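Participant: could you work out the structure for the sequence below:
(chains A, B and C)
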Amino acid sequence: MGDSGFDITRARPVPRRFYDRDPRRVARELLGKVLARKHGRQLVAGRIVEVEAYMGVSDPAAHSAVGPTARNMVLFGPPGYAYVYFIYGNHYCLNVSCMPPGDAGCVLFRALEPVAGISKMFVARGLPVPNGNVRTTELRQLSSGPGRLTQALGITRARDNGKDLTRFSDLTILDDGFHAGRVVITPRLGITKAADAKLRYLLAGNLFVSGPRI
DNA sequence: TTATAGATTGCCT
DNA sequence: GGCAATCTATAAT
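Facilitator: From the prediction side, this is the model:
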């Protein structure tokens, strides 16, 4: 097993109280956890290496800034649930709700390091499945970016919005005891409002983050 | 390696 | 009607 390999024998769902906190704290501590998708018996999973915190109604960049709507209502519910939205006519993005009901903080998943079901990820992404040794440059195409990782895991709004991520189901966040290394904090990407707030968290030196490696 | 434009859907004003 | 928490192809350096 490599140093970032997934230890399924130790994996436990991250409990709801973990998410019932400030999104910045949740974001930092989600690094190193595993996002796991089950397609029947097949496991497709990636280690969380990059996330962003969104701070609820007080955060101009957050979808919750406009108050509760049909689209964002999961964010105003209890912590530990999936908020999936569709963006730019092409992509889905996955968040997990934080804070108690009424407070709309959340964490956006931006990049995963593939750890299980890698050939399924290539298929889901519409990429050729490599034969023989898989190069890191090929692996990076699978889930380095919020739209890429949802496509690799088959996450859609219709299927997954509102799903409880703290229960064993077909979409769960797991802790396998992995110890994350140094964390780097930068401004969030792809936004125009509150663009200078440093709320993006990534693992230092990890090859699978989106954008330039740090 | 960096820069730019185009795709394409649905939420919100 | 405007525009978005993105990705990809293509072009130029």
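
Participant: what is the neighbour count of the residue in chain A that DNA strand C sits nearest to?
Facilitator: In chain A, the residue that lies nearest DNA strand C is A:Gly190 (1.7 Å; C-beta to the nearest atom of the strand). (Glycine included, C-beta is placed from N, CA and C.) Number of residues near A:Gly190 (other C-beta atoms under 10 Å) recorded here: 16.

Participant: what sits against it?
Facilitator: By C-beta atoms under 8 Å, 6 or more residues apart in numbering, A:Gly190 lies in contact with nothing.

Participant: then A:Pro100?
Facilitator: A:Pro100 neighbours (C-beta under 8 Å, 6+ apart): A:Asp20, A:Pro78, A:Pro79.

Participant: neighbour-wise, which one of these leads?
Facilitator: When neighbours are counted by other C-beta under 10 Å, A:Pro79 leads the contacts of A:Pro100 with 23 neighbours.

Participant: hang on, it is in a strand, isn't it?
Facilitator: No - under DSSP: H, G, I helix; E, B strand; the rest coil, A:Pro79 sits outside any strand and is assigned coil.

Participant: and the nearest residue to it once chain neighbours are set aside, how many neighbours does it have?
Facilitator: Leaving aside its chain neighbours, A:Pro79 sits nearest to A:Tyr19 (3.5 Å; criterion: C-beta to C-beta, 6 or more residues apart in numbering). For A:Tyr19, the neighbour count with other C-beta under 10 Å is 27.

Participant: so who does A:Tyr19 touch?
Facilitator: Residues near A:Tyr19 by C-beta under 8 Å, 6+ apart: A:Val26, A:Pro79, A:Gly80, A:Val96, A:Ser97, A:Cys98, A:Met99, A:Thr166.
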